[in-house]
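Asks: fold the following for me, if possible:
(chains A and B)
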Protein chains: 2
Amino acid sequence: MRCEVIAIGTELLLGQITDTNSAWIGEQLALAGIDSLYQSKVGDNFERMVECIRHSLTRSDAVITCGGLGPTQDDITREAIAEVMGVPLIRDPEIGERIRQLFESRGRVMPENNLRQADIPEGARPLAEMPGTAPGLLCPVGEKVIYAVPGVPYEMRTMMTGSILADLRRRSGFGGIIKSRILRTWGHSESVLAELLAPRFKMLDKAGNPTLAFQASGIEGIKVRITVRAEEEGAAIEMLNAEEREVRQVLGDYIFGIDGETMESVVLDRLREKGLTLAVAEITSGGLISTRLTAIDASGQVFRGSVVPVAGAVRETVLGIPHDAIGTAQAAGGMAVAAREVLGADIGISTTGLHDLSKPSELPPGTTFLGIATDAGTQVEQVCLPGDRERMRQYSVINLLNHLRLKLRD
Amino acid sequence: MRCEVIAIGTELLLGQITDTNSAWIGEQLALAGIDSLYQSKVGDNFERMVECIRHSLTRSDAVITCGGLGPTQDDITREAIAEVMGVPLIRDPEIGERIRQLFESRGRVMPENNLRQADIPEGARPLAEMPGTAPGLLCPVGEKVIYAVPGVPYEMRTMMTGSILADLRRRSGFGGIIKSRILRTWGHSESVLAELLAPRFKMLDKAGNPTLAFQASGIEGIKVRITVRAEEEGAAIEMLNAEEREVRQVLGDYIFGIDGETMESVVLDRLREKGLTLAVAEITSGGLISTRLTAIDASGQVFRGSVVPVAGAVRETVLGIPHDAIGTAQAAGGMAVAAREVLGADIGISTTGLHDLSKPSELPPGTTFLGIATDAGTQVEQVCLPGDRERMRQYSVINLLNHLRLKLRD
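Replies: Numbers count the residues shown, from 1 in each chain, chains lettered A, B, ... in the order given. Modelled structure (predicted):
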């Protein structure tokens, strides 16, 4: 069963709006076991919409058009689908009545042009769900089908989960379920991971179930996705667990979390388990560590706070370290110790680096010092970070949090 | 001149990553006066990629493929383009050398499979810009052309602005120039802006040059984009200046900056002009203000630093304010004053709100207090912020920075 998505709207092509609907629909289709091999965007142009829908129907069994169902003159998806079906538009009095009631229920008078939304291709069925004034449509084309949904995400999702996915699964005759799990890794490039897991890939390719795939997530590392097909939930979870064990045997501590976990959520969890508190003094990262930690609701139990001591005087008066403690290994160590003591935490961490200094240095650009102070002593990692200022800042955070994660493992 | 965009990657179809590249490219093409009538997504599948690129070339003069240039086995955009061109892949020793050097410069050893990235279709030209290990390619197909760029946004953008847009403009033979300017506004909804500017839109619609368009940018406000066509640079800039004056007469102080300016860059500039320094104590925003300020290179001259006093003891020991100074107007005022005094700045600002408290309150959820302390005294704004925790955090920042901007104007 193949289903394509066509996002409709000139504003999408002009980049005034980013099309997030297609990605969401694609994810739902994948989880329903339906292949979505192509997705397209086309503007509010009759000929091009017709061409696009026809072309999609040549290579897929179903097409979901998203957008162009509004009341204005440039909303012509209904007309384009009628053209593809080779039928006229017919006004559906029931839909017209539902639209009128919707306006009344909001205490507004319906502009006449909204009745355009009640004109549907002959032979099309309106979907049961109608959260807005735009009816969703199920339009048979021989053995194939076009579903038309509005571009408003909330309305589109209501119709997808309400009737479209169910209808597609009925058509596909697929009984089982598909589940996936993300293993989040940090520290290896995608190509190194590919080399390490090559034997596992080879073994799985034979059966084709489970499958492994990589997803880059920028400086946040590489995700390894396990996907399984099974008859029912329990069996699927068993397969996921078994495959996760296999992958963990290869990647070990390079895996920092699964699914929704982030580096900071994992670090906070480990600190909480050990009953430890954390304080931060960050110059290179300039507040990023604190921002990421405080984004997590329960962080307050573990995270005491942070200081961003940009000015030398602040380093002296607030942290009690020398005015010129910046951009060196000693500075990183001193900041971590000071954060721990001044903010009253079990662990203090710090970032400072070359680009925090105005003076030149013999060290390579991007050199950054990451400090971790505990009651057992202080440790400073010297790393050389790639990219521009912003990428260095980001790298310093993920890098330091990962060092802390590994330290907490012991 | 028609140019299509094909985003390549199974993860895009599965919705594991949202394709934001196509929207950005579409915007750049529009600003360069090049039509982008279709955009597509296709997975890492040889036949389908070839089919997709061929189909696009039947209806457009140029195709930009985005993604699939990595080193792993499923990165096969190079192979697909070679098939479309009807040529073999040839290893380019120069590119191979550049990749090896890139790894060395990061102190890492190049995995052999990275050399796959040096295999390019015979007759293809590598682009001058190569910010990562994936070379961008210019691939002639008769009179038409395929540009291949990596999916990594920062690498893709470097190549687009570096050589591709210029090459497309050359091919399009468009003599004149198109220039645009963004006026960044904050404080009005798009519909209010539309009402205020309705007369201006009506007047411009007649001539069609300049044009005005809105771009939402979430909580960062609404952008008003002015676009002009002219024979040469000077005339274009004159037109932009004239139209900007018109729009400013209507929107006045709701415009906080132009083009690349951000709320924080504008605030820092105003502080610098007045020779004032800034310090921050942030709970609700948890480090976001500091993160945004320190992202700007020259911020160090103006920004003294910040404290994120999550734990009550930190508020006492570091800021010298009461343990329970949190989540109230008095707390916000006290934090702003303390930030100013303890960090030694001319101006102190602060954020704290209901969701910083565990206790219940009669105030509506989302209530947040924004403090500004100067030698002239302390002012606290009470605002009620919409959305979830993260949106409240973000809102508190833009809201407070905008208050500070308006205060500095006087």
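
Asks: tell me where the stretch 201-350 of chain A has strands.
Replies: Using DSSP state E, counting those that start in this stretch, the strands of the stretch 201-350 of chain A run over A:211-216, A:222-230, A:255-258, A:278-282, A:303-308, A:347-353.

Asks: now the stretch 1-150 of chain A
Replies: For the stretch 1-150 of chain A, the strands defined by DSSP E, counting those that start in this stretch occupy A:3-8, A:38-42, A:62-66, A:89-91, A:119-121, A:125-126, A:137-141, A:144-149.

Asks: which one of the ones you listed lies nearest to chain B?
Replies: Among the strands of the stretch 1-150 of chain A, strand A:38-42 comes nearest to chain B, with 4.1 Å by Cβ to the nearest Cβ. For every residue, glycine as well, the C-beta is placed using N, CA and C.

Asks: that closest one to strand A:3-8, inter-axis angle?
Replies: Interaxial angle of strand A:38-42 relative to strand A:3-8 (axes from the mean of the first three to the mean of the last three Cα atoms, to 10 degrees): 20 degrees.

Asks: wait, A:Ala148 touches A:Thr65, no?
Replies: Yes. Assessed by Cβ atoms under 8 Å, A:Ala148 is found in contact with A:Thr65 at 4.9 Å.

Asks: shared neighbours of the two, anything?
Replies: When contacts are counted by Cβ atoms under 8 Å, 6 or more residues apart in numbering or on different chains, A:Ala148 and A:Thr65 are jointly contacted by A:Thr77, A:Ile81.

Asks: count the residues that sit near A:Pro93.
Replies: Residues lying near A:Pro93 (other Cβ atoms under 10 Å in any protein chain shown) number 10.

Asks: A:Glu390 now?
Replies: By other Cβ under 10 Å, neighbour count at A:Glu390 equals 11.

Asks: please report how far it lies from B:Gly305.
Replies: Computed with Cβ to Cβ, to the nearest Å, the distance linking A:Glu390 and B:Gly305 is 19 Å.

Asks: using CSV, please lay out the strands of the stretch 1-150 of chain A together with distance to A:Leu196 and mean pLDDT.
Replies: Below are the strands of the stretch 1-150 of chain A laid out as CSV (distance: least, Cβ to Cβ, whole Å; pLDDT from 0 to 100):
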stretch, distance to A:Leu196, mean pLDDT
strand A:3-8, 34, 97
strand A:38-42, 32, 96
strand A:62-66, 38, 98
strand A:89-91, 58, 96
strand A:119-121, 53, 96
strand A:125-126, 51, 96
strand A:137-141, 47, 97
strand A:144-149, 42, 98
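
Asks: out of the strands of the stretch 201-350 of chain A, which is closest to B:Gly176?
Replies: Among these, strand A:211-216 comes nearest to B:Gly176, with 39.9 Å by Cβ to Cβ.

Asks: so for the residue nearest to the spatial centre of chain A, what's the nearest residue that isn't a sequence neighbour?
Replies: Nearest to the geometric centre of chain A sits A:Ser217, at 9.0 Å (Cα atoms, centre = their mean). Distances taken as Cβ to Cβ, 6 or more residues apart in numbering or on different chains place A:Lys223 nearest to A:Ser217, at 5.7 Å, with adjacent residues excluded.

Asks: near chain B, which residues of the stretch 151-300 of chain A are found?
Replies: Within the stretch 151-300 of chain A, the positions adjacent to chain B are A:189-192, A:194-195, A:213-216, A:218, A:223, A:225, A:277, A:286-291, A:293-295, A:297, A:299-300 by Cβ under 8 Å from any Cβ of the partner chain.

Asks: any of the residues you listed buried? List them.
Replies: Among these, those classed as buried by 16 or more other Cβ atoms under 10 Å in any protein chain shown are A:189-192, A:194, A:213-216, A:223, A:225, A:277, A:286-291, A:293-295, A:299-300.

Asks: about what we covered before: identify the bridge partners of the residue nearest to A:Ser217.
Replies: Assessed by DSSP bridges, A:Lys223 has beta-bridge partners A:Arg184, A:Gln215.

Asks: coming back round to it: my understanding was that the residue nearest to the centre of chain A contacts A:Phe256; is that so?
Replies: No. If you go by Cβ under 8 Å, A:Ser217 and A:Phe256 don't touch, sitting 11.8 Å apart.

Asks: re the thing from before, for the strands of the stretch 1-150 of chain A, give me JSON lines that also has distance to A:Pro360.
Replies: Below are these laid out as JSON lines (distance: least, Cβ to Cβ, whole Å):
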{"stretch": "strand A:3-8", "distance to A:Pro360": "51"}
{"stretch": "strand A:38-42", "distance to A:Pro360": "49"}
{"stretch": "strand A:62-66", "distance to A:Pro360": "55"}
{"stretch": "strand A:89-91", "distance to A:Pro360": "72"}
{"stretch": "strand A:119-121", "distance to A:Pro360": "71"}
{"stretch": "strand A:125-126", "distance to A:Pro360": "70"}
{"stretch": "strand A:137-141", "distance to A:Pro360": "67"}
{"stretch": "strand A:144-149", "distance to A:Pro360": "59"}
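
Asks: which one of those strands lies nearest to B:Asn113?
Replies: Closest approach to B:Asn113 among these (Cβ to Cβ): strand A:38-42, 28.3 Å.

Asks: the closest one close to chain B?
Replies: Yes. Counting by Cβ under 8 Å from any Cβ, chain B has neighbours in strand A:38-42: A:Tyr38, A:Gln39, A:Ser40, A:Lys41, A:Val42.

Asks: and for stretch A:77-90?
Replies: No. Using Cβ under 8 Å from any Cβ, we find that stretch A:77-90 stays clear of chain B, coming within 14.3 Å at best.

Asks: can I get that stretch as CSV, trimmed to CA atoms?
Replies: The C-alpha trace of stretch A:77-90 is given here as CSV (Å, rounded to 0.1, in the frame of the first residue of the first chain):
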residue,chain,number,x,y,z
THR,A,77,-8.1,21.8,-4.4
ARG,A,78,-11.8,20.8,-4.7
GLU,A,79,-11.8,21.9,-8.4
ALA,A,80,-8.4,20.1,-9.1
ILE,A,81,-9.6,16.8,-7.6
ALA,A,82,-12.9,17.0,-9.5
GLU,A,83,-10.9,17.5,-12.7
VAL,A,84,-8.7,14.4,-11.9
MET,A,85,-11.9,12.4,-11.1
GLY,A,86,-13.5,13.7,-14.3
VAL,A,87,-16.7,14.8,-12.4
PRO,A,88,-18.3,18.2,-11.7
LEU,A,89,-18.5,19.9,-8.3
ILE,A,90,-21.9,19.6,-6.6
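
Asks: and A:Pro111, what is it in contact with?
Replies: With the criterion set at Cβ under 8 Å, 6+ apart, A:Pro111 makes contact with A:Pro71.

Asks: need phi/psi at it.
Replies: A:Pro111 has phi and psi values of phi -60, psi 140 when expressed as degrees, to the nearest 10.

Asks: and the lowest-mean-pLDDT helix or strand in chain A with strand A:222-230, angle?
Replies: Least confident helix or strand, chain A: strand A:211-216 with a mean of 84, by mean pLDDT, DSSP states H and E. Counting by the same axes, to 10 degrees, strand A:211-216 points 150 degrees away from the direction of strand A:222-230.
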